[in-house]
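Asks: 3D, please:
(one chain, ligands or ions: 1)
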Amino acid sequence: MCGIIGAIANANVVPVLLEGLQRLEYRGYDSAGLVVTDSGLKRLRTPGRVNDLSKLVEQQKTQGVAGIANTRWATHGEPSERNAHPHFSAEEPLIAIVHNGIIENHEHIRNYLKDKGYIFLSDTDTEVIAHLIALKLKEVNDLFKAVCLATAELQGAYAIAVMEEAHQESIVVARHGAPLLLGVGKDGNYVASDASALLQVTRDIIYLEDGDIAVLSNHGYRIVNCLNSQFGEPVNRIVHESHLSNEEIGLGSYSHYMQKEIFEQPIAVANTLEMLSNAQSIAPNLFGSEAEKIFSETRQILILACGTSYHAGLVARYWLETVAGLPCNVEIASEYRYRDPIADPNTLVVGISQSGETADTLAALEYAKRLGYRHSLAICNVPESALIRQSELRFLTRAGPEIGVASTKAFTTQLASLLLLTVTLAKMRNRLSPEAEQRMLEALRHLPVALQNALKIEPEVKIWAQSFAQKHHALFLGRGVHYPIAMEGALKLKEISYIHAEAYAAGELKHGPLALVDSDMPVVAIAPNDQLLGKLKSNLQEVYARGGELYVFADADSQITSNDNLHVIRLSEHAGLLSPILHTIPLQLLAYHVALVKGTDVDKPRNLAKAVTVE
Ligand code: G6P
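Replies: Coordinates of the predicted model:
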């Protein structure tokens with residue numbers, strides 16, 4: 001995955017490209033590069049980050065009225081200057097390209113081009129596109145037509161922006177399976193992977209669709225769709241006004257986006273559940289106009305997701321089974337898409353994704369449809385995303401842009417949405433009395449305040465973080481609906497502090513992981529005062545008796561007291577169904593503070609990226 005941006009205007013666009021790349025860095029930060037018009041095409045690339053590229057620009061006083069740029073997450077070829085975008089076609093006619101996505105038939109095309117004498121200077125699939133376009137350009141002598149012909153031969157996902165040295169008055173862009181949008185400005189036109197990169201110059205945004213190819217100049221743009229014809233049919237795409245605010249995408253007074261996003265959770269959840277603020281009852285149409293009909297036919301739920309979103313699905317399974325009485329399967333999307341499951345048409349397929357772009361989740365959803373599943377619901381944070389467009393029903397988590405790579409507020413808003421879904425289905429299945437419905441409405445309205453209170457434990461967690469930062473491994477334990485929360489806690493710690501952490505259902509401890517317990521292995525336990533607390537306490541005794549050091553997040557009424565090797569931080573009294581959402585907060589804070597002590601790059605952990613648009 002990468003972030004790409006292009007600009008063509010009446011003035012120097014280099015600052016726009018750099019600012020845009022900063023905004024897109026969450027999509028990958030293995031290298032950065034740009035090409036601008038400067039009599040010929042001038043290229044600057046660095047194996048470092050956008051800041052390093054800015055220094056190069058300054059040193060070389062680079063300017064130009066048109067340009068394209070990329071911040072890379074390496075897929076084909078190691079992170080290096082040689083593999084950094086933009087890539088050139090090595091031969092005349094000279095073109096430059098930036099790309100986000102993955103070309104699945106790149107080997108085949110590479111061999112074909114090598115036979116024709118093309119020389120490859122990088123290991124990337126992107127360079128294959130560059131040469132292919134150059135080859136077509138020789139034949140048709142028109143960059144737009146060459147892009148149409150070349151993209152028709154590509155398999156996989158791409159969003160590309162292309163410039164030709166001989167015709168610097170335009171940029172040609174194309175999208176298939178990876179996000180790309182145009183920005184219509186007063187003094188120029190722009191293209192980027194996401195709207196946040198373009199807010200600096202315009203709020204007028206056009207979301208391109210699969211098969212769209214557009215030509216941008218400083219005074220206009222033209223869009224065609226090439227899905228059904230060689231050189232495309234002209235299409236009109238609506239210009240949307242972006243309502244993203246600079247506060248939403250800026251850091252404000254915080255040190256890191258992750259910190260900001262942890263503390264934004266009360267407001268993010270309040271926004272997500274805003275429609276309940278004056279509601280007297282819970283209605284299915286919150287999930288789409290067809291929801292009532294579809295929900296009434298639903299006999300089973302299948303959840304597809306990756307990473308943190310998968311953990312949200314695991315929590316929802318407990319709720320859906322217990323409260324709505326619906327059987328529920330939760331599948332890792334990358335696994336599901338290669339299995340042969342048996343489709344039940346009365347199953348509602350729920351795709352959960354912060355970005356709505358995760359390649360595996362999108363592919364798993366499409367696969368489920370092909371298998372015969374009829375109905376789908378997206379729970380997603382990005383309104384114009386592919387997941388939203390691919391799904392019949394949709395519910396937006398209104399968390400606002402999440403920029404830190406480790407997901408926080410997206411997770412808790414997903415949980416809030418999934419709890420609302422559960423309660424809606426429970427009501428439709430006559431499993432919710434009017435009194436219980438009112439109690440649930442109250443609880444959901446109270447959730448932002450409860451989250452605010454949970455955040456108050458930060459000073460205690462900070463103290464724990466000091467000793468945690470010295471460790472190399474950690475175990476996380478939970479039971480029942482809190483087991484996925486333990487998984488999420490372990491994932492957060494791994495992602496940003498690089499401490500190896502594993503989560504176990506506490507009852508499984510004695511079947512293996514207990515062998516690992518010694519004074520060097522901190523054991524984090526989530527101990528809410530629910531019906532499994534007694535069982536969990538026995539599991540904790542097993543650790544304690546073997547000299548293990550326990551760090552327990554308990555409810556105020558869980559009756560676990562601190563001791564020599566037993567450290568306890570208390571949250572509020574047991575919060576019933578909301579408990580897993582509240583118990584997420586201390587684990588996020590723990591990971592964050594451990595990472596701070598260790599001095600890691602909290603928002604951009606090594607090797608990771610936020611939106612995983614490749615398999
Ligand atoms: C990446 C991110 C994770 C995220 C996962 C799924 O791995 O780093 O934070 O949970 O993708 O992303 P999605 O956008 O589908 O929720």
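Asks: would you say residue 607 is within a strand?
Replies: No: per DSSP: H, G, I helix; E, B strand; the rest coil, residue 607 lies outside any strand segment and is coil.
Asks: for the ligand, what's the nearest residue on the chain?
Replies: residue 307 (2.8 Å; Cβ to the nearest ligand atom). The way it works is simple: take the backbone N, C-alpha and C, and place the C-beta from them, glycine included.
Asks: how close does the residue of the chain most remote from its centre get to residue 514?
Replies: Farthest-out residue of the chain from its mean C-alpha position, per Cα atoms, centre = their mean: residue 545, at 41.2 Å. When distance is defined by Cβ to Cβ, to the nearest Å, residue 545 is 10 Å away from residue 514.
Asks: got it, and residue 590?
Replies: 22 Å.
Asks: higher neighbour count, the two?
Replies: A count of neighbours by other Cβ atoms under 10 Å puts residue 590 above the other of residue 590 and residue 514, at 27 against 18.
Asks: tell me which element the more buried one is part of?
Replies: Residue 590 belongs to helix 579-598 when assigned by DSSP states H and E.
Asks: which parts of that helix are buried?
Replies: 579-596, 598 (16 or more other Cβ atoms under 10 Å).
Asks: ok, stretch 315-334 next?
Replies: Under 16+ other Cβ under 10 Å, the buried positions of stretch 315-334 are 315-320, 323-324, 326, 328, 330-334.
Asks: near the ligand too, which of these?
Replies: Contacts with the ligand within these, counted by Cβ under 6 Å from any ligand atom: none were found.
Asks: closest to residue 260 out of the residues you listed?
Replies: The nearest member of the buried residues of stretch 315-334 to residue 260, counting by Cβ to Cβ, is residue 315 at 23.8 Å.
Asks: confirm that closest one sits in a helix?
Replies: Yes: checked against three-state DSSP, residue 315 lies within a helix.
Asks: that one contacts residue 417, doesn't it?
Replies: No: the pair residue 315 and residue 417 fails to qualify as a contact (Cβ atoms under 8 Å) at a distance of 11.4 Å.
Asks: enumerate the residues of the stretch 301-450 of the chain near the ligand.
Replies: Near the ligand, when you scan the stretch 301-450 of the chain using Cβ under 6 Å from any ligand atom, you find 306-309, 353-355, 358, 361, 405-407.
Asks: mind checking which of the residues you listed land in helices?
Replies: Of those, the ones assigned to helices by DSSP state H are 307-309, 361.
Asks: are any of the residues of the stretch 301-450 of the chain next to the ligand buried, and if so which?
Replies: By 16+ other Cβ under 10 Å, those give 306-309, 353-355, 358, 361, 405-407 as buried.
Asks: around the ligand, pick out the residues from this structure.
Replies: 306-309, 353-355, 358, 361, 405-407, 608, 610-612.
Asks: may I ask which two of these are separated the most?
Replies: 361 and 406 (18.0 Å).
Asks: got the residues of the stretch 301-450 of the chain next to the ligand as JSON lines, with pLDDT columns?
Replies: Formatted as JSON lines, these follow (pLDDT from 0 to 100):
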{"residue": "306", "pLDDT": "98"}
{"residue": "307", "pLDDT": "97"}
{"residue": "308", "pLDDT": "98"}
{"residue": "309", "pLDDT": "98"}
{"residue": "353", "pLDDT": "98"}
{"residue": "354", "pLDDT": "97"}
{"residue": "355", "pLDDT": "95"}
{"residue": "358", "pLDDT": "93"}
{"residue": "361", "pLDDT": "97"}
{"residue": "405", "pLDDT": "96"}
{"residue": "406", "pLDDT": "97"}
{"residue": "407", "pLDDT": "98"}
